[in-house]
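K.L.:
I'd like to go over a predicted model; first the sequence, then the structure.
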Amino acid sequence: MASFLFENAAILDGQSTELRSDHHVLVEDNRIVEVSDKPIKSETSHNIDVKGMTLMPGLIDAHVHVKATIVNVGRLSDIPVSYLTADAGKFMKQMLMRGFTTVRDAGGADRGLANAVTDGLLVGPRLFVSGLSLSQTGGHGDMRPVTSESHPITCACLASTQQLGRIADGVDECRRAARDELRKGAHQIKIMAGGGVASPNDPIQNTQYSIEEINAICQEAEAAQTYVMAHAYVPKAITRAIENGVRTIEHGNLLDEESARVMSKYDAFLVPTNVTYRALYKHGKSFGFPEVSIGKLKDVLDVGLNAIEIAKNNGVKIGHGSDLLGECQIYQSDELSIKAEVVGNYEAIRHATEVNAEILNMSEELGVIKENALADILIVDGNPSKDIGLLNNDAKFIPIIMKDGVFYKNVF
């Protein structure tokens, strides 16, 4: 049994707005077994004195695409699956080494990738996967060019539009597609409920999927004891999704007061992803992001922080996501600093730990430093609640990264 004792730590998590100074944390195997403000005696542990440093939970990113290994995701279908999987493994390892010990994949990753991490075949964060996201024909998940004809015989629900999504139209097809992704091991279902930036043919303002289709997909998720996350930007798309069973809204840049009140009423979550728009605006063209998609960025680029402010003022629970594509994934940690502009450092960190753990239905095991929680632990050289930049710069100021009781970085 592996046992480690972190001594003299200042603990930062959602259980207190202030650092809990001079605490001691005992880890055995993959669990935290004791947290105390008194010295802990253990004859079997390896002791690590972290005096002057902050001990906090591993970060959680609730919106990634580990298989989006290139910025122009419409070209992913040109890449062999074997190569794409290997490339995804590289990106996952980089996420873990930034301090993200858990991520929720918002379309593309399957249970095989999640199990490969669990079984040690790949090094990366703990993965909660959505399988292929569900899109209507012509929706945000339909990457086919306008010149592409639909096959008159092939059932659309079986058509994988690319490596991240599949097309399903009509209530029966939507039910079948949701059931199929759940059969394949999806932890949750992802739908496209409105227009998007990366897709070529659907304006941002569009609503997607009928009320009946959304409701049917949500019924299937509920039957499987899970939930639906929905891509949506505009108030109408957000409201339609929430009122018909969706639990988390992804992006939500154009959220207004009325749609925020609906989210609050239904106890729904907003998962902003502002860093991706800044990264794509700055670097997208050089990485091959389509011109039509760059043109769409202006509709969402400057309004995302306002949406967070509206959500906060209306009591909407706010998670943390990045949604970065390809080479832009190096900016993953910057979302913390961006969000802190609106909610402050402590809340930005809480969103990426405690709130995201609630989204994943893992509140007692992730995002906290407490007895029986999983041993996902970061040691930070300084106090990130005062200087959130300590969590950026590719973990330069994070000398220890532990996931599931295993050190993936330890410079002590």
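P.N.:
Ah, there it is.
K.L.:
hey, what's residue 229 bridged with?
P.N.:
residue 190, residue 248 (DSSP bridges).
K.L.:
ok, now which ones touch it?
P.N.:
Contacts for residue 229 (Cβ atoms under 8 Å, 6 or more residues apart in numbering) come out as 104, 106, 130, 188-191, 246-250, 271. Using the backbone N, CA and C atoms, a C-beta is placed for each residue, glycine as well.
K.L.:
Show me which of those are buried.
P.N.:
If you count burial by 16 or more other Cβ atoms under 10 Å, the buried members of these come out as 104, 106, 130, 188-191, 246-250, 271.
K.L.:
would you list these in TSV and tack on distance to residue 351 and pLDDT?
P.N.:
TSV is the format used below for the buried ones among the contacts of residue 229 (distance: Cβ to Cβ, whole Å; pLDDT from 0 to 100):
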residue	distance to residue 351	pLDDT
104	13	98
106	16	97
130	20	98
188	18	98
189	22	98
190	20	98
191	23	98
246	19	98
247	16	98
248	13	98
249	14	98
250	14	98
271	9	98
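K.L.:
and which of those is nearest residue 73?
P.N.:
Set against residue 73, the nearest of those by Cβ to Cβ is residue 106 (12.0 Å).
K.L.:
Quick check, that closest one in contact with residue 64.
P.N.:
Yes: counting by Cβ atoms under 8 Å, residue 106 touches residue 64, with 6.7 Å between them.
K.L.:
what do these two both touch?
P.N.:
321, 323.
K.L.:
Which residue comes closest to residue 135 once chain neighbours are left out?
P.N.:
Leaving aside its chain neighbours, residue 135 sits nearest to residue 141 (2.7 Å; criterion: Cβ to Cβ, 6 or more residues apart in numbering).
K.L.:
Please report the distance of that neighbour from residue 201.
P.N.:
11 Å (Cβ to Cβ, to the nearest Å).
K.L.:
Is there a neighbour count for the closest residue to residue 317 other than its chain neighbours? I'd like the number.
P.N.:
Spatial nearest neighbour of residue 317, excluding adjacent residues (Cβ to Cβ, 6+ apart): residue 269 at 4.9 Å. A count of nearby residues for residue 269, using other Cβ atoms under 10 Å, gives 24.
K.L.:
One more: the one 10 residues further on?
P.N.:
Around residue 279 sit 26 other residues, with neighbours defined as other Cβ under 10 Å.
K.L.:
Buried residues, the helix or strand containing it. List them.
P.N.:
Per DSSP states H and E, residue 279 falls inside helix 274-283. Using 16+ other Cβ under 10 Å as the test for burial, helix 274-283 gives 274, 275, 276, 277, 278, 279, 280, 283.
K.L.:
Kindly report the same for stretch 81-100.
P.N.:
Per 16+ other Cβ under 10 Å, stretch 81-100 contains these buried residues: 84-85, 87-89, 91-92, 94-100.
K.L.:
Ok, stretch 188-207 next?
P.N.:
Using 16+ other Cβ under 10 Å as the test for burial, stretch 188-207 gives 188-199, 202, 204, 206-207.
K.L.:
Let me know the closest of those residues to residue 75.
P.N.:
Checking the buried residues of stretch 188-207 against residue 75 by Cβ to Cβ gives residue 198 as the nearest, at 11.2 Å.
K.L.:
Packing partners of the longest helix along the chain?
P.N.:
Secondary structure of the chain per DSSP state H: the longest helix is helix 81-96. Here helix 81-96 touches helix 111-118, going by 3 or more Cβ pairs under 8 Å, 6 or more residues apart in numbering; DSSP states H and E.
K.L.:
Run through who's touching the helix it packs on.
P.N.:
Against helix 111-118 from outside (Cβ under 8 Å, 6+ apart): 66-67, 85, 88-89, 92, 105, 122-129, 131, 184-187.
K.L.:
what's downstream of that helix, the next helix or strand?
P.N.:
Downstream of helix 111-118 (by DSSP H and E), the next one is strand 126-128.
K.L.:
would you list every one of the helices in the stretch 201-350 of the chain?
P.N.:
211-223, 235-243, 257-265, 274-283, 291-297, 304-313, 334-343, 345-350 (DSSP state H, counting those that start in this stretch).
K.L.:
Which one, of those helices, ends up nearest to residue 48?
P.N.:
Taking Cβ to Cβ, helix 345-350 is the member of the helices of the stretch 201-350 of the chain nearest to residue 48, at 22.0 Å.
K.L.:
What is the neighbour count of the residue lying closest to residue 353 once chain neighbours are set aside?
P.N.:
Spatial nearest neighbour of residue 353, excluding adjacent residues (Cβ to Cβ, 6+ apart): residue 367 at 3.9 Å. Each residue near residue 367 was counted by other Cβ under 10 Å, and the total is 32.
K.L.:
helix or strand for residue 367, which one?
P.N.:
Element membership for residue 367, per DSSP H and E: none, as it lies in no helix or strand.
K.L.:
dump the residue contacts of it.
P.N.:
Residue 367 sits next to 13, 14, 57, 60, 353, 354, 355, 356, 357, 358 when contact means Cβ under 8 Å, 6+ apart.
K.L.:
Against residue 395, how distant is the closest residue to residue 60 other than its chain neighbours?
P.N.:
Distances taken as Cβ to Cβ, 6+ apart put residue 356 closest to residue 60, at 3.8 Å, once the chain neighbours are dropped. Distance of residue 356 to residue 395, given as Cβ to Cβ: 18 Å.
K.L.:
With neighbour numbers in mind, choose between the two.
P.N.:
Between residue 356 and residue 395, residue 356 has the larger neighbour count (other Cβ under 10 Å), namely 30 against 21.
K.L.:
Thanks again, I'm all set now.
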